[in-house]
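K.L.:
only geometry, no sequence info:
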């Protein structure tokens, strides 16, 4: 069933303004002079009365009527009319309310000024009262301070906390003006006053005591942890060090229960010591590896280091040179052993160069003797030497050998000289690779 309503929401106001006319209200709003009023105010037998609650109910009904009309309307003209009427009624209600309440606002302001005359006397009375009570305030303040000093002395004895009583100055200045801090006939503060002082003192001191207790607990835990960590062995055989790691792991598992106040620091200390132990294990392994390599190096070098090179043939020396090169390339030698091997290689190369030069001279003498039989042949050979040029290069084997050479020297210049001599001797003996 389609909703229908023809009620104008302004008609609801007839409950308090029977002959309400919307156009009349429009004119009254313009002139700011209202003959129709919805707000009623009166004073009867000294009691202020008004109809705000009745007006509230009427306006709720008017609002419900307008909402019902909005749900069913499809006309923009209706919306325009509702907006116009709503503005007229609103301006009317506000205008008539101000007409009534504005004089009351002025009345309130006028009487407030008179009341302030008396209120302004109160601070003067308080100031004079404080002046007359100053001696009493001083005595109260002295008594309050004495209690604070006694409390400060006790806390120093028990926890060695030195407190500046100036931190309580605001409290003391406030309480000295309160009667409960009067002294009794024996010159003592009341139990209630002392209780307030103790509570204030405790409020300030309790966090300090708590922090001291935490610090003491931390110190004890740290001392115990240090004693435990000092027992851990950080050097020795790997078997001993592996046992140290087990002990550290055990300490780490107990941190939450044994070292609850220094958990983060404790874990960091255990971790650092664990790293030291692991480094010792790695150093042991590296040392053992170097020892085994050193034994291997020495065993290898002992097979030829004392050989009389001059007594060996060129071919034997060549084989020895190749063995040395292969060993040095395939082994990560101890540096001191590699240095010794390099020195021996230099001597070996020098010997090989010398033997080769002796061999070449012997061959040249033999050729010269044969050539002398026919001078024409000598001349022809010389011309061939001048004309026929060949190309040579370093072989891949020579390049690899040269790249592996390491020189021990006092400075760079000496090293360069030794390197040049070393390579020169090597090339003198092995020659270059001829390019076809």
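P.N.:
Structure's in. What do you need? In this text, all values refer to a predicted model and were calculated from it rather than measured experimentally.
K.L.:
the helices in the stretch 251-400 of the chain, which residues?
P.N.:
Using DSSP state H, counting those that start in this stretch, the helices of the stretch 251-400 of the chain run over residues 255-258, 263-302, 314-330, 335-371, 375-387, 396-403.
K.L.:
between the ones you listed, which gets nearest to residue 198?
P.N.:
The closest of the helices of the stretch 251-400 of the chain to residue 198 is helix 263-302. By Cβ to Cβ, the value is 35.4 Å. For every residue, glycine as well, the C-beta is placed using N, CA and C.
K.L.:
out of the helices of the stretch 251-400 of the chain, nearest to residue 120?
P.N.:
Nearest of the helices of the stretch 251-400 of the chain (Cβ to Cβ): helix 263-302, 62.1 Å.
K.L.:
by contact count, what packs against the closest one?
P.N.:
Helix 263-302 sits against helix 191-230, helix 238-253, helix 255-258, helix 335-371, with contacts defined as 3 or more Cβ pairs under 8 Å, 6 or more residues apart in numbering; DSSP states H and E.
K.L.:
sorry, back to before: comparing the helices of the stretch 251-400 of the chain, which yields the minimum mean pLDDT?
P.N.:
Ranked by mean pLDDT, the helices of the stretch 251-400 of the chain bottom out at helix 375-387, which scores a mean of 43.
K.L.:
gap between the residue sitting nearest the centre point of the chain and residue 226?
P.N.:
The centroid of the chain falls nearest to residue 264 when counting by Cα atoms, centre = their mean (15.4 Å). As judged by Cβ to Cβ, to the nearest Å, residue 264 and residue 226 stand 16 Å apart.
K.L.:
can you get me a residue count around residue 221?
P.N.:
Residue 221: 19 surrounding residues under other Cβ atoms under 10 Å.
K.L.:
what's in contact with stretch 275-282?
P.N.:
When contacts are defined by Cβ atoms under 8 Å, 6 or more residues apart in numbering, stretch 275-282 is touched by residues 232, 234-236, 238, 241-242, 244-245, 248.
K.L.:
which one of these is nearest to residue 24?
P.N.:
Closest to residue 24, out of all of the contacts of stretch 275-282 and judged by Cβ to Cβ, is residue 248, at 98.6 Å.
K.L.:
so what pLDDT did that closest one get?
P.N.:
In this model, residue 248 is scored at 93, pLDDT.
K.L.:
correct me, but it touches residue 232?
P.N.:
Yes. With contact defined as Cβ atoms under 8 Å, residue 248 and residue 232 form a contacting pair (6.3 Å).
K.L.:
between those two, which contacts overlap?
P.N.:
By Cβ under 8 Å, 6+ apart, the residues touching both residue 248 and residue 232 are 273, 277.
K.L.:
would you map out the domains in the chain?
P.N.:
9-119, 130-218, 231-290, 306-435 (automatic domain parsing).
K.L.:
wait, which of those domains is closest to residue 298?
P.N.:
Closest of the domains of the chain to residue 298 is domain 306-435, at 7.0 Å (criterion: Cβ to Cβ).
K.L.:
dump the residue contacts of residue 62.
P.N.:
Contact analysis of residue 62 by Cβ under 8 Å, 6+ apart lists 9-10, 12-13, 89.
K.L.:
pull the number of nearby residues for residue 61.
P.N.:
Applying other Cβ under 10 Å, we find 15 residues neighbouring residue 61.
K.L.:
next one: residue 307
P.N.:
Using other Cβ under 10 Å, residue 307 is surrounded by 14 other residues.
K.L.:
check it and give its pLDDT.
P.N.:
For residue 307, pLDDT reads 86.
K.L.:
what bits of this protein have low per-residue confidence?
P.N.:
Flagging of the chain using pLDDT under 70 yields the residue ranges 1-7, 361-389, 410, 413-414, 425, 428-429.
K.L.:
which element follows the longest helix seen in it toward the C-terminus?
P.N.:
Longest helix of the chain, by residue count under DSSP state H: helix 76-119. Using DSSP states H and E, the helix or strand that follows helix 76-119 in sequence is helix 121-132.
K.L.:
what are the contacting residues of that next one?
P.N.:
Contacts of helix 121-132 (Cβ under 8 Å, 6+ apart): 137, 177.
K.L.:
do that again at 10 Å, thanks
P.N.:
Identification of contacts with helix 121-132 by Cβ atoms under 10 Å, 6 or more residues apart in numbering yields 136-137, 177.
K.L.:
now swap in stretch 149-158 and tell me
P.N.:
Here stretch 149-158 has contacts from 145, 161-165, 168, 194, 197-198, 200-202, 205, 208-209, using Cβ under 10 Å, 6+ apart.
K.L.:
quick one on the thing from earlier: looking at the domains of the chain, which is closest to residue 299?
P.N.:
Among the domains of the chain, domain 306-435 comes nearest to residue 299, with 10.7 Å by Cβ to Cβ.
K.L.:
what about that closest one, start to end distance?
P.N.:
Domain 306-435 has an end-to-end distance of 39 Å (Cα to Cα, to the nearest Å).
K.L.:
next one: that domain to chain centre, how far?
P.N.:
Centroid displacement of domain 306-435 relative to its chain, using Cα atoms, centre = their mean, to the nearest Å, is 64 Å.
K.L.:
now swap in stretch 35-55 and tell me
P.N.:
That offset, for stretch 35-55, works out to 69 Å (Cα atoms, centre = their mean).
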